[in-house]
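Peer 1: sequence first, predicted coordinates after that:
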Amino acid sequence: MENDPLQVDLHIVLNDICCSVGHMDDIFPFFMRHAKQVFPMLDCIDDLRKISDLRLPPNWYPEARAIHRKIVFHAGPTNSGKTYHAIQRYLSAKSGLYCGPLKLLAHEIYKKSNDLDVPCDLITGEELIFVDPEGKPSAHAACTVEMCSMNTPYEVAVIDEIQMIRDPSRGWAWTRALLGLCAQEIHICGEAAAINLVTELLYTTGEEVEVRNYERLTSLKILDHALQSLDNLRPGDCIVCFNKNDIFSVSRQIEARGLQCAVIYGSLPPGTKISQANKFNDPNDPCKILVATDAIGMGLNLSIKRIIFNSLLKPTINEKGEKEIDTITTSQALQIGGRAGRFSSMFKEGEVTTMFQDDLHLLKEIMNKSVDDIQAAGLHPTAEQIEMFAYHLPDATLSNLVDIFVSLSQVDGRYFVCNIDDFKFVADMIQHIPLNLRVRYVFCTAPINRNLPFLCTSLLRFARQFSRNEPLTFQWVCKHCNWPVSSPKTIKDLMHLEAVHDVLDLYLWFSYRFKDMFPDAALVRDIQRELDFIIQTGVHSITKLIRASESSTALQIIDETSKDSERILDYVLKPGLRKIRGAKSLSADPEPKKVSLTSKLVQDGLLTPEMLKQLEKEFLSRQIRTQSKLNETDILRKERKKK
């Protein structure tokens, strides 16, 4: 105060506190006034804590608590018949609900029920199909778990893949179904690792759990030798990769050996996945090899003899929403490996191995471990809870409201709050668009992959059009997607068509919630089927698309982060590859600079992105050692000169 010039009002306040009153505690009221300006929730902190108290989720579902439910847990590994027994009870009931993790599984139960003359409706985020021509709901329904109704009474409900209750993003949907379904009998299917948690959760509702354990119906053997070379492939083999780049690389190498392969990965439309599965399963089709991601772990019936892990490293999202690359878990290894030798397939025994011998010991270690018990179930703030927060904090953005909710929320040890990064991403993206809070909340829960720019910008345009109260017509959608589209000529084209399919899915998802603003669901569904067929055609000839994608701009197979890729290859390439490189350099390509050597080697199946990264590490390591030796030599030379 004595040395630095201050504003008059601040000088008066500080002088009054420090000189007149003379006690440090007297500054507290001024601090609180400032704190409440920065953190407005301090004025209503007690009310906000009550709203965000998540310690008693069973109390959120009074209809379920009003009845005494019978709970049966069907526990067992993949291909043990646990889901089959639960579905038999579902089909024999007067009314039933099936809740599955994927649209494919819901479709499968929907089709099976109707084929057995048990009228069944289909309810997914994008689709609502009533078998009754007048639109009257049937006594049975098959749905994705997020879409199950908490108010409709059923005799029997089936919750499939209950172990996903621990999923960092979607676990809340299984928690909600487990605690809230209004059914006399609930049949739960999944890993035995979920038994203890489910029993504890239902103990708080006063409901006992009857556990029925199942053993695998066919044998599953971990081989003592790795595949080592694609020359050793046999009919019925499935190579599992954990990213698209490896999918493209491996399928190209297989095709170079004169073999045909089917391809399945997560972003393909359901129809294309089924088409590729049927191609692989057909004994009369020359395609006997499958290259797939872990998308085969659920929802597809495949005739696989041997699962081959191309790698044991898988990108994951941790509880904080951060991307990590780690070895697959025992649960994942068993889920994927268990697809081999299914009871209903032509192979009655399954085999599991790795591509490389170095990985085989680790795979055995992983698969021989017992699966750790699931410790907690996911929760997610509801629209009603966020609305109550907004009442107390009217000036806060939706993203801030959710942040405050999570920071103040109280959960006991059996629950956790699911990751909300995707929710906040959309909330921030559409914050500047005038929408009421409930509509804004619905937009933020839309299922999108935020790594797809076209899909994200489409959602933004949907929100803008909605805010202007202008219906999103079929013509508007066609113009936005540049419909009609042409057949893909490169991998880049194929990936764009997959993104367009996701945009149409997004439209159908909104049409289920805002029918007036998204009025042309039937027309959009028609062109989506047509697009699915176009994508199927492209995937059937995927190796041709890879060959056509010669320029590195068209085929983003590798992430060339280093400008020294050519020097890396010079330095550490194996002798065999050096010969190939020499042969390449003699080619009569008039413009060799258009395609980098690393891109060509990856496209030709001679390098994988993992190999390239390893080469880069070795190169950098050698560079450091070389530089260190040069420095030592330089020091010695200088010392000699001094002497």
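Peer 2: In hand now; what should we look at? Numbers count the residues shown, from 1 in each chain.

Peer 1: contacts, neighbours, all on C-alpha from now
Peer 2: Fine.

Peer 1: centre of the chain versus the longest strand anywhere in the chain, how much separation?
Peer 2: Longest among the strand segments of the chain by residue count, using DSSP state E, is strand 183-190. Its chain's C-alpha centre and that of strand 183-190 lie 25 Å apart, by Cα atoms, centre = their mean, to the nearest Å.

Peer 1: list the buried residues for the helix or strand that that strand is followed by?
Peer 2: Per DSSP states H and E, the first helix or strand lying C-terminal to strand 183-190 is helix 195-203. Going by neighbour count (16 or more other Cα atoms under 10 Å), the buried part of helix 195-203 is 195, 197-199, 201-202.

Peer 1: so what's Glu208 up against?
Peer 2: 70-71, 199, 202 (Cα atoms under 8 Å, 6 or more residues apart in numbering).

Peer 1: how about a cut-off of 7 Å?
Peer 2: For Glu208, the contacting residues are 71, 202, by Cα atoms under 7 Å, 6 or more residues apart in numbering.

Peer 1: from Ile71, how far off is it?
Peer 2: Applying Cα to Cα, to the nearest Å, the value for Glu208 to Ile71 is 7 Å.

Peer 1: could you report the pLDDT at Gly100?
Peer 2: What the model reports for Gly100 is a pLDDT of 95.

Peer 1: er, Ile307 actually
Peer 2: 96.

Peer 1: sorry, back to before: now pLDDT and distance to Arg55 too, for the buried residues of helix 195-203, in CSV please.
Peer 2: Conversion of the buried residues of helix 195-203 to CSV gives the following (pLDDT from 0 to 100; distance: Cα to Cα, whole Å):
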residue, pLDDT, distance to Arg55
Ile195, 97, 21
Leu197, 97, 15
Val198, 97, 16
Thr199, 97, 17
Leu201, 96, 11
Leu202, 96, 14
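
Peer 1: which one of those is nearest to Arg525?
Peer 2: Ranked by distance to Arg525 (Cα to Cα), those are led by Val198 at 38.3 Å.

Peer 1: from Glu498, how far out is the closest one?
Peer 2: For Val198, the distance to Glu498 - Cα to Cα - is 37 Å.

Peer 1: just the closest of the buried residues of helix 195-203 to Ala522, please.
Peer 2: Using Cα to Cα, Val198 is the member of the buried residues of helix 195-203 that lies nearest Ala522, at 40.1 Å.

Peer 1: specify the beta-bridge partners of Cys143.
Peer 2: Here Cys143 sits in beta bridges with Cys99, Ile123, as judged by DSSP bridges.

Peer 1: contact partners for it?
Peer 2: Applying Cα under 7 Å, 6+ apart, we find Cys143 in contact with 98-100, 106, 122-124.

Peer 1: mind checking how far it is from Gly125?
Peer 2: Per Cα to Cα, Cys143 is found 9 Å from Gly125.

Peer 1: quick one: which helix or strand includes Gln88?
Peer 2: helix 82-92.

Peer 1: next, the angle from that helix to strand 183-190.
Peer 2: 160 degrees (axes from the mean of the first three to the mean of the last three Cα atoms, to 10 degrees).

Peer 1: contacts for helix 82-92 next, please.
Peer 2: Identification of contacts with helix 82-92 by Cα under 7 Å, 6+ apart yields 74-76, 96, 113, 118, 156-158, 187, 189, 214.

Peer 1: mark which of the residues you listed are buried, thanks.
Peer 2: With burial judged by 16+ other Cα under 10 Å, the buried subset of the contacts of helix 82-92 is 74-76, 96, 113, 118, 156-158, 187, 189, 214.

Peer 1: name the nearest of the residues you listed relative to Asn451.
Peer 2: Among the buried ones among the contacts of helix 82-92, Cys189 lies closest to Asn451 (Cα to Cα), at 32.2 Å.

Peer 1: OK, contacts around that closest one?
Peer 2: By Cα under 7 Å, 6+ apart, the residues touching Cys189 are 73-75, 82-83, 159-162.

Peer 1: sorry, back to before: dump the contacts of helix 82-92 into CSV; add distance to Arg170 and pLDDT as well.
Peer 2: As requested, the contacts of helix 82-92 are exported to CSV (distance: Cα to Cα, whole Å; pLDDT from 0 to 100):
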residue, distance to Arg170, pLDDT
His74, 21, 97
Ala75, 21, 96
Gly76, 22, 94
Gly96, 23, 97
Ser113, 26, 97
Val118, 30, 97
Val156, 23, 98
Ala157, 19, 98
Val158, 18, 98
His187, 20, 98
Cys189, 17, 97
Tyr214, 26, 95
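
Peer 1: taking those one by one, which sit in strands?
Peer 2: Judged by DSSP E, the contacts of helix 82-92 include 74-75, 96, 156-158, 187, 189 as members of strands.

Peer 1: output the residues you listed as CSV; include the columns distance to Pro29.
Peer 2: Below are the ones in strands among the contacts of helix 82-92 laid out as CSV (distance: Cα to Cα, whole Å):
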residue, distance to Pro29
His74, 60
Ala75, 59
Gly96, 61
Val156, 60
Ala157, 57
Val158, 57
His187, 58
Cys189, 57
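
Peer 1: quick check: the farthest pair among the residues you listed?
Peer 2: Spatial extent of these (Cα to Cα) is set by the pair Ala75 and Gly96 at 20.3 Å.

Peer 1: low-confidence ranges in the protein?
Peer 2: Residues of the chain that meet the criterion pLDDT under 70 lie in 1-4, 16-26, 35-38, 40, 317-323, 549-643.

Peer 1: if we use 80, what do you get?
Peer 2: 1-43, 299, 315-324, 343-345, 543, 547-643 (pLDDT under 80).

Peer 1: do you know how far Asp246 is from Leu312?
Peer 2: Relative to Leu312, Asp246 is positioned 13 Å away (Cα to Cα).

Peer 1: please apply the same query to Gly271.
Peer 2: Distance from Gly271 to Leu312, by Cα to Cα: 28 Å.

Peer 1: so which of those two has more stuff around it?
Peer 2: Counted by other Cα atoms under 10 Å, Gly271 and Leu312 do not tie: Leu312 has more neighbours, with 21 against 15.

Peer 1: look at Ser345 and say how many residues are nearby.
Peer 2: Ser345 - counted by other Cα under 10 Å - has 15 other residues nearby.

Peer 1: what helix or strand is it on?
Peer 2: Counting by DSSP H and E, no helix or strand carries Ser345.

Peer 1: in the host helix or strand of Asn245, what's buried?
Peer 2: Here Asn245 sits within helix 244-256, counting by DSSP H and E. Within helix 244-256, the residues that count as buried by 16+ other Cα under 10 Å are 244-254.

Peer 1: now swap in stretch 229-248 and tell me
Peer 2: 233, 236-242, 244-248.

Peer 1: also stretch 155-173?
Peer 2: In stretch 155-173, counting by 16+ other Cα under 10 Å, buried: 155-173.

Peer 1: residues contacting that stretch, please?
Peer 2: The contact list for stretch 155-173 (Cα under 7 Å, 6+ apart) reads 86, 90, 93-101, 145-146, 174-175, 183-191, 194, 319, 374, 376-380, 418-419.

Peer 1: can you give me the neighbour number for Leu494?
Peer 2: Residues near Leu494, counting by other Cα under 10 Å: 21.

Peer 1: measure it to Arg342 for me?
Peer 2: Separation of Leu494 from Arg342 (Cα to Cα): 31 Å.

Peer 1: what helix or strand is Phe454 on?
Peer 2: Assessed by DSSP H and E, Phe454 sits inside helix 453-467.

Peer 1: keeping just the C-alphas, turn that helix into CSV.
Peer 2: Taking C-alpha atoms only, helix 453-467 is exported to CSV below (Å, rounded to 0.1, in the frame of the first residue of the first chain):
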residue,chain,number,x,y,z
PRO,A,453,-15.0,-34.1,-38.9
PHE,A,454,-17.8,-34.6,-41.4
LEU,A,455,-20.1,-36.2,-38.7
CYS,A,456,-19.3,-33.4,-36.2
THR,A,457,-20.0,-30.6,-38.7
SER,A,458,-23.2,-32.4,-39.7
LEU,A,459,-24.4,-32.4,-36.1
LEU,A,460,-23.6,-28.7,-35.9
ARG,A,461,-25.6,-28.0,-39.0
PHE,A,462,-28.5,-30.1,-37.6
ALA,A,463,-28.5,-27.9,-34.5
ARG,A,464,-28.4,-24.6,-36.5
GLN,A,465,-31.3,-25.7,-38.7
PHE,A,466,-33.2,-26.9,-35.6
SER,A,467,-32.7,-23.5,-33.8
